[in-house]
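Novice: Pasting a predicted model and its sequence here:
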Amino acid sequence: MFNFEFFRYLISGLINSVISYVAFLIFLKYFNFSVYFSNFLSYALGLISAYVLNKYFVFKRTEGGGYVIFLGSFLFSYCLNFISLIFFIKIFNTQVEIAQLFAMAVYTFSFFILNKFAVFASK
């Protein structure tokens, strides 16, 4: 059977990924911030919209989904993203813009699992 929850997560993730990636490029190219600071700022911008979309659109919860657990899940997933970004840039010598796309995929998978089973888990 088709998992609509995961489909909704992909849609909200696509929205957040576009916002984060465009913000990343703006911070990197127009403000000349470092790769890592641009990455940090772009994920910070997507955090609020991610919480709202995950709570009300993806997992359809009116209760639960504490901010602290959400923030912890975000920080863990962001750390995986950051490590992946460094890994692809430094180890594989991947172009920064492409490395960010791979790192975003790592973040997306990790954040879904944590949101589903920790933040917005059914009681």
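Specialist: Received, thanks.
Novice: got the buried residues for the longest helix anywhere in the chain?
Specialist: Taking DSSP state H as the criterion, the chain has its longest helix at helix 4-25. The neighbour-count check on helix 4-25 (16 or more other Cβ atoms under 10 Å) flags 8, 9, 12, 13, 16, 17, 20, 21, 23, 24 as buried. In this view, the C-beta of every residue, glycine as well, is placed from N, C-alpha and C.
Novice: Name the nearest residue to residue 73, ignoring sequence neighbours.
Specialist: Taking Cβ to Cβ, 6 or more residues apart in numbering, and ignoring the residues beside it in sequence, residue 73 has residue 114 as its nearest neighbour in space, at 3.7 Å.
Novice: could you give the angle of the helix or strand following the longest helix of the chain to helix 4-25?
Specialist: As assigned by DSSP states H and E, the chain's next helix or strand after helix 4-25 is helix 35-52. Taking axes from the mean of the first three to the mean of the last three Cα atoms, to 10 degrees, one finds helix 35-52 and helix 4-25 inclined to each other by 150 degrees.
Novice: sorry, back to before: look at the residue nearest to residue 73 and report its pLDDT.
Specialist: Per-residue pLDDT puts residue 114 at 93.
Novice: again, but for residue 47
Specialist: 86.
Novice: For residue 91, see how far away it is.
Specialist: 28 Å (Cβ to Cβ, to the nearest Å).
Novice: same question, residue 106
Specialist: Counting by Cβ to Cβ, the gap from residue 106 to residue 91 is 14 Å.
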